[in-house]
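Peer 1: Build the 3D model from these lines:
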Amino acid sequence: MKNIRGTWLHRRLGERLFLPELWHPTRQRFAAGLAVGAFFAMILVPFQMLAAGICAYFMRVNIPAAIAATWISNPLTSPFCIYAQYRLGCFLLGQGPMILPSHNPFAMLKELWEHAPVPFLVGTIPSAVILALIVYPLTLLIWDVLTARINARRKLREPGGL
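Peer 2: Predicted structure coming up:
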């Protein structure tokens, strides 16, 4: 962070860029940051991490969590995400899915994009919103469970903690 002070980025974004709440995880901001990143993970566009980081900056949530969560969609999971978005789009449009002759996931994605981009695009936003709405409360729950376990172990280590 010290290297950024005085640069054009600092001059453009101001001191807000250095607020601890954007970089240090707290329960609410960390969960919200993960939800923002999960949303952008389902929006399969270039520069997902940049978009998630900018959105997290303006929403004042944890920037590293938002950037890290975009990796939900990675080269291994993207074919499944795209196919699920396509199927969701078909469902929302009331269409049946097209029969794809290819068994290769990457060839299948190319065929989907060439022959059926509308169902895929229609399924993108709802899938992103659904995933973000799942990630937020799930993160809060996991945070609470882990915090309780850490506090219980800490009490056991203290003298007279039993």
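
Peer 1: ok, the residue most central in space within the chain - contacts?
Peer 2: By C-alpha atoms, centre = their mean, the chain has its centre lying nearest to Ala38, at 1.7 Å. Contact analysis of Ala38 by C-beta atoms under 8 Å, 6 or more residues apart in numbering lists Ala69, Ile72, Ala128, Leu131, Ala132, Ile134, Val135. To be clear about C-beta, it is placed using only N, CA and C from the backbone, and glycine gets the same treatment.

Peer 1: go on, Ser127?
Peer 2: Contacts of Ser127 by C-beta under 8 Å, 6+ apart are Met42, Cys81, Ala84, Gln85, Leu88.

Peer 1: go with 7 Å
Peer 2: Going by C-beta atoms under 7 Å, 6 or more residues apart in numbering, Ser127 touches Met42, Ala84, Gln85, Leu88.

Peer 1: Pop out the phi and psi values for Val61.
Peer 2: Main-chain torsions, Val61, degrees, to the nearest 10: phi -120, psi 180.
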